[in-house]
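Participant: missing the sequence, but the structure's below:
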């Protein structure tokens, strides 16, 4: 078997396609590090992708997203489904490994050859979280994973972009998630496909259920009514029902012919998100490296140059954009 | 007096500088609409700016940010301070005008010539919220406003960019804001300069105060310890204390010489944010307008072209970026 230094683009892509666990681990590491070889490997693997079903799991920190994913993995592994988990949540126990103790029994899954779990950083990644997650998903897909969970904390544009590739989006809340409920109500947070209210033993869980239900009831136009499930991840309660609802959403998309349309829109959105992130990184490097561009910022500070003229000069110099639209 | 069609770049800039209310209203409307004339007016006004103190007010929807800003405005108007308010919060009563009833008495301020309130949309704005807010702040600054409040809902990158220009950032929470508290704890939300816990009559207000206090206590390196104030905006309780804390933060920045440094950093950050937003808008238009770029997306969908090669081709074509870094 090839050692870690011996992989080439070709052998690595072939190894991933064969479901070789070491090849998979190596490929995801290259993706995570933004290694140039990752680009070639993912390009080679791309024609073999499109079979995995991607489930996005989002929500505020501390609601138990990782515990819930862990419980879902245990449930679906009973039917020998191959599973991948990508966590891009800096507050997730997945990202901190076993240091946090065994409360969610991550080690069970780490020893299971049918499960591949990886937390993602974005060091070296010009295209940011969106690019790293997209590449990791494609690698897991090509390696034959049937279901891939994408776990991310639900706050901010970059997380929306991470979850943007998911076929089904699950929002996890808990009693006390008042801010998220208000954000749903105000239309600031997008309505997910399935909602889990975790920590169902809490006395306020039912109140939250009713609140969320009444918010969703306002939107009568929606063809798919997002189901709400009460769960207690640590005891596995409500987990089977949650998985049923995820599968029901999948069936809905497949039977109505919407899955293809959603994937087309998701892929286009991801391409755009990655391109924007790369353009931003390029701009950042250009301003850091070019003394003339840095001088513009000094002139803004001294009030000799207004900020928007500085923006125009930077864009002209870096991207050759002429400011014709305003 | 000039009618609305008679303003030129020169007369409008002069009118704003003289504190003419109609000129101010017109200039902010141009800013809001992304009108090309706004660019010239702001450029002309820029040397006269830098006197206003910008207070950012952020937090989840429904916590009472607008009521609190309204109460602060009433308080500081007693000393004849000139005040501006820019709201970029889609869930704010400021943005919905008097439709929501008189509970925060916006009309009091609308009739006060010493106060200028405007909610901002971003229609036509290539540089997004950051650009619109920056321009509005500069116009209000040049018009002689002493204090400008920037109100925004605290979720997501674009809101961070709006608040990024503020000299002092106030985070408003309320009992039930568990998600925000968890986000502070997980280090996902940036620590603000001052925290207000509004709706102090709620039985859980003290518990939240203690929770937030213990999170802040973990960060002992910080030179400025963010004070936490309990408020009840609708009755004006705690509002004087909140204003004292904002002024204490201002004194701290001024006396330690950090205000200049912070403004330099803020301005550079805003220039970068606006440039990134414009680059992104440019990319969006290019992809929408160019059949060849749209064809790339079709090829990604049919798995004939991998997404990252599509990204490279788009960036080369639109920005002439060669992908040498990865």
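Facilitator: Ah, there it is. Owing to the predicted nature of the structure, the values given are computational and were not obtained by experimental measurement.

Participant: pretty sure residue A:181 contacts residue A:208?
Facilitator: Yes: between residue A:181 and residue A:208 a contact is recorded at 6.9 Å, counting by C-beta atoms under 8 Å. Using the backbone N, CA and C atoms, a C-beta is placed for each residue, glycine as well.

Participant: Give me the neighbour count for residue A:94.
Facilitator: By other C-beta atoms under 10 Å in any protein chain shown, 25 other residues sit near residue A:94.

Participant: Residues in contact with both of residue A:181 and residue A:208, list them for me.
Facilitator: residue A:173 (C-beta atoms under 8 Å, 6 or more residues apart in numbering or on different chains).

Participant: Just say helix, strand or coil for residue A:169.
Facilitator: Secondary structure, DSSP: H, G, I helix; E, B strand; the rest coil: residue A:169 is strand.

Participant: Now do the contacts for it.
Facilitator: With C-beta under 8 Å, 6+ apart, residue A:169 has these contacts: A:55-56, A:58, A:163, A:192-194.

Participant: confidence score at it?
Facilitator: Residue A:169 is assigned a pLDDT of 96 by the prediction.

Participant: Bridge partners for it, pull those for me.
Facilitator: For residue A:169, the beta-bridge partners are residue A:56 (DSSP bridges).

Participant: Share the number of residues neighbouring residue A:154, please.
Facilitator: Counted with other C-beta under 10 Å, residue A:154 comes out at 29.

Participant: Could you pull up the residues touching it?
Facilitator: Residue A:154 makes contact with A:58-60, A:163, A:171, A:180, A:189, according to C-beta under 8 Å, 6+ apart.

Participant: Neighbour count, distance to chain B and secondary structure for the residues you listed - can I get that in CSV?
Facilitator: As requested, those are exported to CSV (neighbours: other C-beta atoms under 10 Å in any protein chain shown; distance: C-beta to the nearest C-beta, whole Å; DSSP: H, G, I helix; E, B strand; the rest coil):
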residue, neighbour count, distance to chain B, secondary structure
A:58, 26, 12, strand
A:59, 27, 9, strand
A:60, 27, 4, coil
A:163, 26, 13, helix
A:171, 28, 12, strand
A:180, 29, 5, helix
A:189, 21, 8, coil
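
Participant: and the helix ranked longest in chain A, which residues are buried?
Facilitator: If you go by DSSP state H, chain A has its longest helix at helix A:258-289. Neighbour-count burial for helix A:258-289, counted by 16 or more other C-beta atoms under 10 Å in any protein chain shown, picks out A:259, A:263, A:266-283, A:286-287.

Participant: ok, now stretch A:173-189?
Facilitator: The neighbour-count check on stretch A:173-189 (16+ other C-beta under 10 Å) flags A:173-186, A:188-189 as buried.

Participant: Widest-spaced pair of the contacts of residue A:169?
Facilitator: The span of the contacts of residue A:169, defined through C-beta to C-beta, is set by A:163 and A:194 at 12.8 Å.

Participant: any idea what sits nearest residue A:10, other than its immediate chain neighbours?
Facilitator: Ranked by C-beta to C-beta, 6 or more residues apart in numbering or on different chains and with sequence neighbours excluded, the top spatial neighbour of residue A:10 is residue A:44, at 7.5 Å.

Participant: so what's that neighbour up against?
Facilitator: Contact analysis of residue A:44 by C-beta under 8 Å, 6+ apart lists A:9-10, A:13.

Participant: quick one: contacts for the residue of the stretch 201-326 of chain A found nearest chain B?
Facilitator: The stretch 201-326 of chain A approaches chain B most closely through residue A:306 (3.8 Å), counting by C-beta to the nearest C-beta. Taking C-beta under 8 Å, 6+ apart, we find residue A:306 in contact with A:300, B:42-43, B:46, B:138.

Participant: Of the residues you listed, which pair is most distant in space?
Facilitator: For these, the maximum inter-member distance is 12.3 Å, found between A:300 and B:42 (C-beta to C-beta).

Participant: Check the buried residues of stretch A:173-189 for the minimum pLDDT and say which it is.
Facilitator: By pLDDT, residue A:188 ranks lowest within the buried residues of stretch A:173-189, coming in at 84.

Participant: Settle this for me: residue A:16 is touching residue A:41, isn't it.
Facilitator: Yes: counting by C-beta under 8 Å, residue A:16 touches residue A:41, with 7.2 Å between them.

Participant: what's the overlap in contacts for the two?
Facilitator: Contacts common to residue A:16 and residue A:41, judged by C-beta under 8 Å, 6+ apart, are A:27, A:139.

Participant: can you give me the helices in the stretch 101-250 of chain A?
Facilitator: A:106-110, A:128-142, A:157-163, A:178-185, A:205-217, A:239-255 (DSSP state H, counting those that start in this stretch).

Participant: any idea how far the residue of the stretch 201-326 of chain A closest to chain B is from residue B:31?
Facilitator: To residue B:31, residue A:306 is 13 Å away according to C-beta to C-beta, to the nearest Å.
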